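Undergrad: Kindly generate the corresponding structure for this input.
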Amino acid sequence: MRVVVGAAILDGPRLLAARRVEPPELAGGWELPGGKVEPGESDEAALVRECREELGVLVRLRDRVGPDWPMTGDAALRVWTATVVEGSPTALADHSEVRWLDPGHWLDVAWLPLDLPVIEHLERTLQAD
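TA: The predicted structure is shown next:
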């Protein structure tokens with residue numbers, strides 16, 4: 001199974017969203033930052049690396065969000081909540097914009113279909129706390 005990791009980066013009650021620039025079929029859609037796990041790399045190490053490459057930040061991973069989220073083919077998305085411990089999120093690789101979403105506005109952007117169930121789950125879970 002191919003594993004893709006994602007970070008639900010939180011700043012208090014705010015959630016970070018990133019707008020994709022490629023591939024063409026995903027361009028303009030919003031997602032949680034992250035990417036593919038490389039051979040020999042742990043899920044967690046891959047996610048920290050991807051956040052550094054894509055956003056220029058060092059993150060501290062917190063809790064795993066739900067189960068494996070199914071993707072197309074034999075791939076699964078694994079998501080963790082995270083906080084920024086160094087740097088300020090900037091759209092670098094793969095993204096044209098990053099945006100902090102306030103509570104109650106997490107669904108105001110056009111999330112990619114694979115990320116939307118994760119966002120809805122997070123919103124329900126975090127509001128229940």
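
Undergrad: All the strands of this structure, residue numbers only.
TA: In the chain, the segments counted as strands under DSSP state E are 2-11, 14-20, 30-31, 34-36, 58-70, 75-86, 95-101.

Undergrad: Dump the ones you listed to CSV, plus distance to Glu44 and mean neighbour count.
TA: In short, each C-beta sits where N, CA and C put it, glycine included. Shown next, in CSV, are these (distance: least, Cβ to Cβ, whole Å; neighbours: other Cβ atoms under 10 Å):
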stretch, distance to Glu44, mean neighbour count
strand 2-11, 8, 20
strand 14-20, 18, 21
strand 30-31, 19, 22
strand 34-36, 11, 19
strand 58-70, 6, 15
strand 75-86, 7, 18
strand 95-101, 21, 16
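
Undergrad: what's the closest of these to Asp115?
TA: strand 30-31 (4.9 Å; Cβ to Cβ).

Undergrad: ok, back up a step: need the strands of the chain in TSV with mean pLDDT and distance to Glu123, can you?
TA: Output for the strands of the chain, formatted as TSV (pLDDT from 0 to 100; distance: least, Cβ to Cβ, whole Å):
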stretch	mean pLDDT	distance to Glu123
strand 2-11	97	10
strand 14-20	97	8
strand 30-31	98	14
strand 34-36	95	18
strand 58-70	95	11
strand 75-86	97	12
strand 95-101	97	10
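
Undergrad: Show me what the residue lying closest to Asp11 once chain neighbours are set aside is bridged to.
TA: Leaving aside its sequence neighbours, Asp11 sits nearest to Trp100 (Cβ to Cβ, 6 or more residues apart in numbering; 6.3 Å). Per DSSP bridges, the residues bridged to Trp100 are Leu16.

Undergrad: need the contact list for Trp100.
TA: Neighbouring residues of Trp100 by Cβ atoms under 8 Å, 6 or more residues apart in numbering: Asp11, Arg14, Leu15, Leu16, Ala17.

Undergrad: which among those gets closest to Leu92?
TA: Among those, Leu16 lies closest to Leu92 (Cβ to Cβ), at 13.4 Å.

Undergrad: what sits against Val48?
TA: Contacts of Val48 (Cβ under 8 Å, 6+ apart): Leu58, Val59, Leu61.

Undergrad: That'll do, ta.
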